[in-house]
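In: Sequence and predicted structure are below.
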Protein chains: 2
Amino acid sequence: MSASQPALPAGEGASNGELGLVGPIHIVGTGLLGTSIGLALVAKGYVVWLSDVNHEHARTAVGLGAGQLAPSDLTAAQLVVVAVPPDHIGTAVIDALEASPEAIVTDVGSVKSSPLDVISDQVGDDQLARYVGGHPMAGSERSGPLAASASLFEGRPWAVTPDVHSVAAAPLVEALVRACGAEIVRLSPREHDHAVARTSHLPQLLAVLTAGQLAEALPEQLKLSGQGVRDVTRIAASDPDLWTQILLANRDAVDELLDNVQSELVNLRAALDDPDLMSAILAKGVAGTRAIPGKHGGQPMASAAIFVAVPDHAGELHRLFAEIAEIGVNIEDVRIDHDPARDFGLVEVQVEESQATGLAERLTERGWSTHR
Amino acid sequence: MSASQPALPAGEGASNGELGLVGPIHIVGTGLLGTSIGLALVAKGYVVWLSDVNHEHARTAVGLGAGQLAPSDLTAAQLVVVAVPPDHIGTAVIDALEASPEAIVTDVGSVKSSPLDVISDQVGDDQLARYVGGHPMAGSERSGPLAASASLFEGRPWAVTPDVHSVAAAPLVEALVRACGAEIVRLSPREHDHAVARTSHLPQLLAVLTAGQLAEALPEQLKLSGQGVRDVTRIAASDPDLWTQILLANRDAVDELLDNVQSELVNLRAALDDPDLMSAILAKGVAGTRAIPGKHGGQPMASAAIFVAVPDHAGELHRLFAEIAEIGVNIEDVRIDHDPARDFGLVEVQVEESQATGLAERLTERGWSTHR
């Protein structure tokens, strides 16, 4: 059960390992994220040690093939990945820095500054030099090792957030990110927390406020719900306990944005009597949607929607996609808007703008009921 | 060009027409909605008259087969459908009540109380008895007759909003709704406006505020954007001018909700230091998402997501859907989350909860890279 290879100092690289990552890698916490990282690393041939305060979870993760139970002597670990709930990250990182004195330690928490503050208060600069925060943008909807997958991180952004003390250690964590198939986004802890406040925590809270107003509506009113309100409120269905930990851990960055929103809300109410002001607020929203990177990470592509009525049974959706493939058009996105009363759905197919009209015509020729 | 059948008093039914609707039906405004209604009615065999302040639009709609140009004498119309921009609805309805003294008049505007106020101020109760508001929940993203389709309304909710004066006239408008294949939702004008304030106007505004905060973000921060923020902000890309008209026309109901949201925002900022309060606010959001009717109009169905990595070219998505069809599982919803950096997408397939695990296993056996 012990490691066959020695730990390497961070950043030096290794002749016998990919980008300096040789293992053993100790994963602390075998929930969805920890177990998925274990599966991805085992698939690449690394020695992975697993531990969890819930021994049953650790044994389950071992059974799934995510690694072996961690030995009692952890000194040989090259990298420790702390994958525990947000409130326990600080303590778990400090424990790991002590138990594995040569290891670089990272974590997978959603917030980076507040755990770093906890850690900085309790360890010296030599220890701090070995801690590099991380945050894979994947998989918060389900939990537990049984939900894990080696492909969970493929193609997903994974923030790597060294602070001034630990920049030299970042390449080893970046090697972990690459080994999991994810894309590195290097940010400072503070930049990261401001980024997720805007791209994740504020959207979460405004989805919650929108949904909260629906909770008070009469059922007859909610019959008018369309795809828009479903899209806006979808993420509000997430676990309140997990999100409470995340939001409180990022309170400063979140509060700054809520302060902005509070001012904008005052403007917005004034704009209900001022068409020019309303138009300007709405135009700023349009600009915001355009600022989100395109789905392929490049320039946002101009796409257009075609709506196709599709009977709501297993084979029909497949037939539609088969015919679109025959026509030779690539689908950028799909949404299924089920008929509220009948057994068929309206399928919204997003394709490149220049191909939309042609595709709609070809589908109509083939007998599909379409509109744009 | 004149009508061959006499107009009928509303609600009496007719031996020779469906539910009392016999036509001619005069459509005022041949944009997306007006032209689509024309196409749906012509397909059912009705005589449809078309007019538009832009004569070119009316001629285009005639060319598309949505009806014939309206005659100069409009007295024989049984039903007039006003499908003009929000700011012009009141005037156009009053004109129609005068030009077609036997007709029931409806409109397709997004807001119902304020046009009714305009009309009530200028016509007597006998005229008011002939006006019944309507609002099909369909098709605001594109505009113009060329975007029209006879199937635009199929299976969509269509609010019918008589006031106390015009209840007797509502059945004729409901016959129109049925002829277009839509589902009737009967509400008072005030109930309707409060309903759309919650289900459409507030979600629009909070999506705009969320997107507005992105407009100020650094590009590096936005690399962390995931599916959540894309979903929340999607509708913020809509036309500011159209939405300015809609929101200002419903200012009272919208302002009431914004007042609620302002109070909740104060709570929310306090909750950043109070986990119990935060948890309660988030739980109310969860309750709101559960209040939205299920996609088939009944109880919301428990569904679960499976993620499948799919190479990003035309044939592969089709192959995935073909195999899911072979396995015999019905797809409830689909989302394509493109890899930000590579040419493959992560496809999120929503299926009935009890089928999710089995489907994931079967797909994995067939060589797909899946996770839940």
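Out: Here it is on my side, so go on. Since the model is a prediction, treat every value here as computed from it, not as a measurement.
In: What is the least confident helix or strand in chain A?
Out: strand A:331-338 (a mean of 70; mean pLDDT, DSSP states H and E).
In: tell me what the next helix or strand after that one is packed against?
Out: Using DSSP states H and E, the helix or strand that follows strand A:331-338 in sequence is strand A:344-352. Packing partners of strand A:344-352 (3 or more Cβ pairs under 8 Å, 6 or more residues apart in numbering or on different chains; DSSP states H and E): strand A:303-311, helix A:314-327, strand A:331-338. For glycine as for every other residue, the C-beta is placed from the backbone atoms N, C-alpha and C.
In: Give me the angle between the longest one and strand A:303-311.
Out: Right, helix A:314-327. 140 degrees (axes from the mean of the first three to the mean of the last three Cα atoms, to 10 degrees).
In: Next, the angle from helix A:314-327 to strand A:344-352.
Out: On the basis of the same axes, to 10 degrees, helix A:314-327 is oriented at 20 degrees to strand A:344-352.
In: before we move on, what about the first one?
Out: Orientation note: strand A:303-311 sits at an angle of 160 degrees relative to strand A:344-352 (the same axes, to 10 degrees).
In: Which strands border strand A:303-311, and is each parallel or antiparallel?
Out: Strand pairing for strand A:303-311, using DSSP bridges, gives strand A:344-352 (antiparallel), strand A:369-371 (antiparallel).
In: what mean pLDDT does the shortest one have?
Out: Averaging pLDDT along strand A:369-371 gives 75.
In: one step back: need the strands paired with strand A:303-311 in a markdown table (columns: distance to residue B:41 and mean neighbour count).
Out: Below are the strands paired with strand A:303-311 laid out as a markdown table (distance: least, Cβ to Cβ, whole Å; neighbours: other Cβ atoms under 10 Å in any protein chain shown):
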| stretch | distance to residue B:41 | mean neighbour count |
| --- | --- | --- |
| strand A:344-352 | 20 | 20 |
| strand A:369-371 | 16 | 20 |
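In: Would you format those as CSV with distance to residue B:194 included?
Out: As requested, the strands paired with strand A:303-311 are arranged in CSV below (distance: least, Cβ to Cβ, whole Å):
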stretch, distance to residue B:194
strand A:344-352, 26
strand A:369-371, 30
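In: quick one, strands of the stretch 151-300 of chain A?
Out: A:157-161, A:183-186 (DSSP state E, counting those that start in this stretch).
In: Point out where the stretch 1-150 of chain A drops to low pLDDT.
Out: A:1-19, A:139-144 (pLDDT under 70).
In: which helix in chain A runs the most residues?
Out: Counting residues, the longest helix found in chain A (DSSP state H) is helix A:251-271.
In: Packing partners of that one?
Out: Going by 3+ Cβ pairs under 8 Å, 6+ apart, helix A:251-271 lies up against helix A:189-196, helix A:202-215, helix A:275-291, helix B:202-215, helix B:251-271.
In: Please convert the ones you listed to CSV, extending it with mean neighbour count.
Out: Below are these laid out as CSV (neighbours: other Cβ atoms under 10 Å in any protein chain shown):
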stretch, mean neighbour count
helix A:189-196, 23
helix A:202-215, 26
helix A:275-291, 19
helix B:202-215, 26
helix B:251-271, 18
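In: Strand B:344-352 and the least confident helix or strand of chain A, what's the angle between them?
Out: 10 degrees.
In: Partner strands of strand A:331-338 and their direction?
Out: Partners of strand A:331-338 in its sheet, by DSSP bridges: strand A:344-352 (antiparallel).
In: For the residue nearest the centre of chain A, which residues are in contact?
Out: In chain A, the centroid-proximal residue (Cα atoms, centre = their mean) is residue A:137; its distance is 2.4 Å. The neighbours of residue A:137, taking Cβ atoms under 8 Å, 6 or more residues apart in numbering or on different chains as the test, are A:156, A:157, A:158, A:159, B:224, B:226.
In: what about stretch A:77-85, how long is it end to end?
Out: In stretch A:77-85, first residue to last residue: 22 Å (Cα to Cα, to the nearest Å).
In: I meant stretch A:128-146, not that one.
Out: Counting by Cα to Cα: the opening and closing residues of stretch A:128-146 are 33 Å apart.
In: Contact partners for residue A:77?
Out: A:3, A:7, A:24, A:25, A:26, A:49, A:99, A:100, A:102, A:103.
In: Please identify the helix or strand for it.
Out: Using DSSP H and E, no helix or strand contains residue A:77.
In: Residue A:39: neighbouring residues, count only.
Out: Residue A:39 sits with 23 neighbouring residues when counted by other Cβ atoms under 10 Å in any protein chain shown.
In: domain assignment for chain A?
Out: Domain segmentation of chain A under automatic domain parsing yields A:25-187, A:193-263, A:303-371.
In: any idea how far the nearest residue to residue A:120 once chain neighbours are set aside is from chain B?
Out: Take residue A:120 and drop its neighbours on the chain: the residue closest to it by Cβ to Cβ, 6 or more residues apart in numbering or on different chains is residue A:128, 6.2 Å away. With the distance defined as Cβ to the nearest Cβ, to the nearest Å, residue A:128 ends up 24 Å from chain B.
In: if I look at residue A:128, how far off is residue A:166?
Out: For residue A:128, the distance to residue A:166 (Cβ to Cβ, to the nearest Å) stands at 6 Å.
In: Over to residue A:336?
Out: For residue A:336, the distance to residue A:166 - Cβ to Cβ - is 46 Å.
In: Ok, residue A:329 next?
Out: Relative to residue A:166, and taking Cβ to Cβ, residue A:329 is found at 48 Å.
In: Who has more neighbours out of these two?
Out: Between residue A:329 and residue A:166, counted using other Cβ under 10 Å, the more crowded position is residue A:166 (24 against 20).
In: just checking, that one touches residue A:126?
Out: No. Residue A:166 is beyond contact range of residue A:126, at 10.8 Å (criterion: Cβ atoms under 8 Å).
In: Out of the domains of chain A, the one nearest residue B:246 is which?
Out: Residue B:246 lies closest to domain A:193-263 among these, at 12.5 Å (Cβ to Cβ).
In: Give me the distance between the two termini of the closest one.
Out: Domain A:193-263 end-to-end distance (Cα to Cα) = 22 Å.
In: Give me the distance from it to the chain's centre.
Out: Mean-position distance between domain A:193-263 and its chain equals 16 Å (Cα atoms, centre = their mean, to the nearest Å).
In: ditto for stretch A:353-365
Out: Its chain's C-alpha centre and that of stretch A:353-365 lie 34 Å apart, by Cα atoms, centre = their mean.
In: do stretch A:184-202 as well
Out: Worked out by Cα atoms, centre = their mean, stretch A:184-202 lies 12 Å from the chain centre.
In: for that stretch, what is the average pLDDT?
Out: Rounded mean pLDDT across stretch A:184-202 is 94.
In: Stretch A:222-236 too?
Out: 89.
In: quick check, it touching chain B?
Out: Yes. Using Cβ under 8 Å from any Cβ of the partner chain, stretch A:222-236 reaches chain B at A:222-226, A:228-236.
In: Quick one: end-to-end distance for stretch A:138-146.
Out: Across stretch A:138-146, first to last residue, Cα to Cα, it's 16 Å.
In: Looking at the contacts of residue A:137, state which has the most neighbours.
Out: residue A:159 (27 neighbours).
In: Does it touch residue A:189 like I think?
Out: No. Checked against Cβ under 8 Å, the pair residue A:159 and residue A:189 is beyond contact range at 9.4 Å.
In: ok so, going back, now secondary structure too, for the contacts of residue A:77, in JSON lines please.
Out: Below are these laid out as JSON lines (DSSP: H, G, I helix; E, B strand; the rest coil):
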{"residue": "A:3", "secondary structure": "coil"}
{"residue": "A:7", "secondary structure": "coil"}
{"residue": "A:24", "secondary structure": "coil"}
{"residue": "A:25", "secondary structure": "strand"}
{"residue": "A:26", "secondary structure": "strand"}
{"residue": "A:49", "secondary structure": "strand"}
{"residue": "A:99", "secondary structure": "helix"}
{"residue": "A:100", "secondary structure": "coil"}
{"residue": "A:102", "secondary structure": "coil"}
{"residue": "A:103", "secondary structure": "coil"}
